[in-house]
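okay, here's the prediction I keep looking at, along with the sequence it came from:
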Amino acid sequence: MSQHTDKPTVDSLASKALAGSINKRQFMQGAMALGLTAAAATTAWSTKVEAATPKRGGHFRVALDDGNTTDTANPALYEGNYQICMGYTHRNWLTEITPENGVGPDIAESWEASPDATTWTFNLTKGVEFHNGKTLTAQDVVDTLNFHRNPESKSAALALLNSVTEIKKDGDNKVVIKLSSGSADLPFVLTDYHLCILPSDGEGNVDYSIGAGTGAYECTNFEPGVRCDFKRNPNYFKEGKGNFDSSELISISDVNARQNALSTGEMDAINELDLKTAGLMAKNPNLNVIEVSSGTFITLAMHVDVAPFDNPDVRLALKYAFPREEALQKVLRGHGTIGNDHPIAPVLPYWADLEQREFDIEKAKEHLKKAGLSSLKIDFSTSDVPMPGGVDLAILYKERASAAGIDINVIREPNDGYWSNVWLKKPFCLVSWGQRPTPDVMFSLAYSADADWNESHYKGERFNELLIQARAELDQTKRAAQYREMQQIIRDEGGNIIPFFRNYVYAASKKVHVPEQLSGNWALDGNRGIERWWFNS
């Protein structure tokens with residue numbers, strides 16, 4: 001009888017060294033035993049161990065778009081990317097999206113579910129402290145989640161928690177969540193950026209002031225729409241995380257100004273490159289241009305209860321009149337994948353391989369005729385806030401749709417306050433959505449009938465039946481079939497044109513250590529780069 005044992009590799013030796021179970025001498029001996037020369041073993045140590053070992057120190061400067069004077073410290077009201085990154089820097093969640101794009105522990109160190117997934121128990125990491133010195137307990141978690149369940153909080157996460165019937169503590173370090181129907185995705189749901197854990201007063205109230213957090217950094221100054229300053233939390237509970245002495249988030253909406261600030265060394269990292277000049281930026285020997293495939297998408301959202309978008313044939317005409325392949329190449333410069341008017345990307349689980357909708361002027365005319373129209377004139381609100389090139393995309397759409405008799409009046413909205421003044425208010429506008437980890441999270445936030453962020457106002461009875469059924473379905477084959485039908489319903493009946501999914505393209509100074517594996521749910525490593533990265537020296 002033989003016994004199988006895994007043979008060591010250079011990567012496995014590096015993993016042991018990073019975990020502290022072997023030292024450099026032992027790594028070198030092991031690498032040379034695998035056949036590496038002394039020089040190759042030294043290089044392997046430098047690149048796989050030494051470079052990957054976190055180093056402390058320095059002041060990390062990050063420039064982001066999407067800062068607004070309406071920004072707030074209240075996570076129930078987080079909307080834009082700037083607020084989301086700010087939250088991930090100084091707060092924590094029960095769970096988090098990992099660099100491998102799975103779900104992993106944050107404040108909760110482990111969890112388990114009942115066989116029907118209607119009862120979940122989360123075990124909290126002991127010794128977690130808020131920045132004011134208060135020790136985190138299960139009561140803080142209970143009151144935080146109940147804060148979002150309260151309609152008066154105006155939290156967009158309310159739709160994600162509508163199947164929760166009870167949240168209770170079991171001692172100081174255990175939280176039990178009960179649901180009206182099973183949800184296999186609850187650990188993913190709890191990564192939603194609104195649901196960061198806040199300190200409770202023990203009487204059901206929570207403190208969401210800017211200083212209330214457990215994160216790797218403590219916020220010391222917050223000027224909405226301008227900047228946010230942080231200092232390292234010396235008591236952070238995650239080993240190897242939060243390595244900069246201090247950091248700052250600066251709001252720079254103009255993409256060229258952002259790129260110039262990075263190129264001149266005024267900033268250490270930025271999000272959202274101008275794709276027209278990303279190749280030129282990549283030639284700078286001092287910069288690292290990073291591209292991550294993602295389920296992030298752009299949507300042109302129509303209010304289906306407002307004329308003329310209340311006519312399904314008008315909606316189909318507008319969908320067929322969008323030149324998605326041309327937009328992918330000219331606006332995104334190929335940095336993405338074609339969309340099919342539903343929000344589940346090919347890189348995500350449960351993506352349905354439906355017949356691809358193509359740019360087709362004749363079909364657009366045909367649907368206009370079915371709607372009783374020979375031409376159509378509409379307003380479309382846009383800016384470069386949802387994405388760099390948002391205005392260019394609208395102009396391209398206007399030019400191509402005109403061949404179908406569709407006259408699009410492009411309205412360039414102010415950048416400041418775009419999410420407060422345009423999104424959910426204007427009946428046809430450009431919107432950007434970050435990748436959500438599961439179809440249930442995405443559909444619950446923006447497509448369910450009662451969701452606060454149902455940006456198209458679409459309310460499909462069959463769709464909502466399937467949403468509830470799929471959430472509780474533990475048979476993966478049946479669940480996949482349900483999600484397929486839901487994607488087809490949104491594609492054919494919904495009020496969203498989703499032309500493509502965007503890769504994240506951003507950049508950092510080469511002084512910054514950026515891991516090879518990066519989260520794809522947001523730019524800058526899932527907006528956790530300040531927590532996860534460090535300076536090389």
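Good, I have the coordinates. Residues are numbered from 1 along each chain as shown.

quick one: mean pLDDT over stretch 201-211.
Averaged across stretch 201-211, the pLDDT comes to 93.

just the strands in the stretch 301-450 of the chain please.
Under the criterion DSSP state E, counting those that start in this stretch, the stretch 301-450 of the chain contains strands at 336-338, 376-382, 406-412, 428-433.

partner strands of the first one, with direction?
This points to strand 336-338. strand 500-509 (antiparallel) (DSSP bridges).

now do the partner strand: distance to the chain's middle.
Put simply, strand 500-509 sits 12 Å off its chain's centre (CA atoms, centre = their mean, to the nearest Å).

tilt between it and strand 428-433?
50 degrees (axes from the mean of the first three to the mean of the last three CA atoms, to 10 degrees).

neighbouring contacts of the helix or strand just after strand 500-509?
The helix or strand immediately downstream of strand 500-509 is strand 512-513, counting by DSSP states H and E. The contact list for strand 512-513 (CB atoms under 8 Å, 6 or more residues apart in numbering) reads 51-52, 54-55, 60, 268-269, 288, 533-536. Bear in mind the C-beta positions are built from the backbone N, C-alpha and C, glycine included.

out of those residues, who has the most neighbours?
Of all the contacts of strand 512-513, the highest neighbour tally under other CB atoms under 10 Å goes to residue 269, namely 27 neighbours.

from the contacts of strand 512-513, which land in helices?
In helices, judged by DSSP state H, none of the contacts of strand 512-513 are found.

mind listing the helices for the stretch 201-350 of the chain?
255-263, 278-282, 312-320, 324-330 (DSSP state H, counting those that start in this stretch).

about what we covered before: just put the strands of the stretch 301-450 of the chain in JSON lines and tack on mean pLDDT.
Output for the strands of the stretch 301-450 of the chain, formatted as JSON lines (pLDDT from 0 to 100):
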{"stretch": "strand 336-338", "mean pLDDT": "96"}
{"stretch": "strand 376-382", "mean pLDDT": "98"}
{"stretch": "strand 406-412", "mean pLDDT": "98"}
{"stretch": "strand 428-433", "mean pLDDT": "97"}
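
return the most buried member of those.
strand 428-433 (a mean of 24; mean count of other CB atoms under 10 Å).

quick one, that one and strand 376-382 angle?
40 degrees.

give me the angle between strand 428-433 and strand 406-412.
Angle, strand 428-433 to strand 406-412, by the same axes, to 10 degrees: 60 degrees.

who touches strand 428-433?
Contacts for strand 428-433 (CB under 8 Å, 6+ apart): 296-303, 309, 343, 378-383, 385-387, 390, 393-394, 413, 422-423, 442, 446, 455.

and the end-to-end length of stretch 86-95?
For stretch 86-95, the first-to-last residue distance is 17 Å (CA to CA, to the nearest Å).

pLDDT on that stretch, on average?
Averaged over stretch 86-95, pLDDT sits at 98.

residue 164 contacts residue 178, doesn't it?
Yes - Residue 164 is within contact range of residue 178, at 7.2 Å (criterion: CB atoms under 8 Å).

the nearest residue to residue 188 once chain neighbours are set aside - how many residues pack around it?
Excluding the flanking residues, the one nearest residue 188 by CB to CB, 6 or more residues apart in numbering is residue 437, at 4.3 Å. Using other CB under 10 Å, the number of residues around residue 437 comes to 23.

which residues touch residue 200?
Neighbours of residue 200 in contact, by CB under 8 Å, 6+ apart: 139-140, 142-144, 206-207.

list phi and psi for it.
phi -100, psi 150 (degrees, to the nearest 10).

identify the bridge partners of it.
For residue 200, the beta-bridge partners are residue 206 (DSSP bridges).

which one among the contacts of residue 200 gets closest to residue 529?
Nearest to residue 529 among the contacts of residue 200, counting by CB to CB, is residue 144 at 24.5 Å.

now do the SS call for the closest one.
With DSSP: H, G, I helix; E, B strand; the rest coil as the basis, residue 144 sits in helix.

thinking it is in contact with residue 194, fair?
No - in this structure, residue 144 is not within contact of residue 194 by CB under 8 Å, at 10.1 Å.

ok, how many other residues are close to the nearest residue to residue 330 once chain neighbours are set aside?
Closest residue to residue 330 apart from its sequence neighbours, by CB to CB, 6+ apart: residue 396 at 6.4 Å. Neighbours of residue 396 under the rule other CB under 10 Å: 17.

identify the residues contacting residue 396.
Here residue 396 is in contact with 323, 326-327, 330-331 (CB under 8 Å, 6+ apart).

name only those of the residues you listed that count as buried.
Among the contacts of residue 396, the ones that count as buried by 16 or more other CB atoms under 10 Å are 323, 327, 330-331.

tell me the confidence at residue 20?
67.

please read the previous query as pertaining to residue 317.
98.

what are the buried residues along the worst-scoring helix or strand of the chain on mean pLDDT?
Here the helix or strand of the chain ranked lowest by mean pLDDT, DSSP states H and E is helix 10-19, holding a mean of 77. By neighbour count on 16+ other CB under 10 Å, the buried set for helix 10-19 is 10, 13-14, 16-18.

what do you get for stretch 136-150?
Neighbour counts over stretch 136-150 (16+ other CB under 10 Å) mark 136-149 as buried.

ok, so of these, who is nearest residue 234?
The nearest one, if we look at these relative to residue 234 and count by CB to CB, is residue 136, at 16.2 Å.

is it correct that that closest one is in contact with residue 129?
Yes - with contact defined as CB under 8 Å, residue 136 reaches residue 129; the gap is 6.7 Å.

overlap in contacts of the two?
residue 214.

pLDDT wise, what is residue 51 at?
Taking residue 51 on its own, its pLDDT is 77.

then residue 6?
The model's pLDDT for residue 6 equals 49.

hang on, isn't residue 213 packed against residue 93?
No - at 11.1 Å, residue 213 and residue 93 do not qualify as touching, with contact defined as CB under 8 Å.

so who does residue 335 touch?
Residue 335 touches 275, 278, 291, 502-503, 505, counting by CB under 8 Å, 6+ apart.

apply 10 Å and report the result again.
273, 275, 278, 291, 293, 328-329, 500, 502-505 (CB atoms under 10 Å, 6 or more residues apart in numbering).

dump the residues you listed to CSV, plus neighbour count and distance to residue 229.
Shown next, in CSV, are the contacts of residue 335 (neighbours: other CB atoms under 10 Å; distance: CB to CB, whole Å):
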residue, neighbour count, distance to residue 229
273, 26, 25
275, 21, 30
278, 18, 29
291, 15, 29
293, 18, 33
328, 20, 38
329, 14, 40
500, 23, 36
502, 27, 30
503, 19, 30
504, 26, 25
505, 24, 27
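
now those residues as JSON lines including pLDDT?
Below are those laid out as JSON lines (pLDDT from 0 to 100):
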{"residue": "273", "pLDDT": "95"}
{"residue": "275", "pLDDT": "93"}
{"residue": "278", "pLDDT": "94"}
{"residue": "291", "pLDDT": "96"}
{"residue": "293", "pLDDT": "91"}
{"residue": "328", "pLDDT": "97"}
{"residue": "329", "pLDDT": "97"}
{"residue": "500", "pLDDT": "98"}
{"residue": "502", "pLDDT": "96"}
{"residue": "503", "pLDDT": "95"}
{"residue": "504", "pLDDT": "95"}
{"residue": "505", "pLDDT": "96"}
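
which one of these sits closest to residue 81?
residue 504 (10.8 Å).

the stretch 101-250 of the chain: strands as residue ranges?
103-105, 108-113, 119-124, 164-169, 174-179, 217-223, 227-232, 246-251.

give the residues shared as contacts by residue 144 and residue 194.
75, 93.

okay then, goodbye and thanks.
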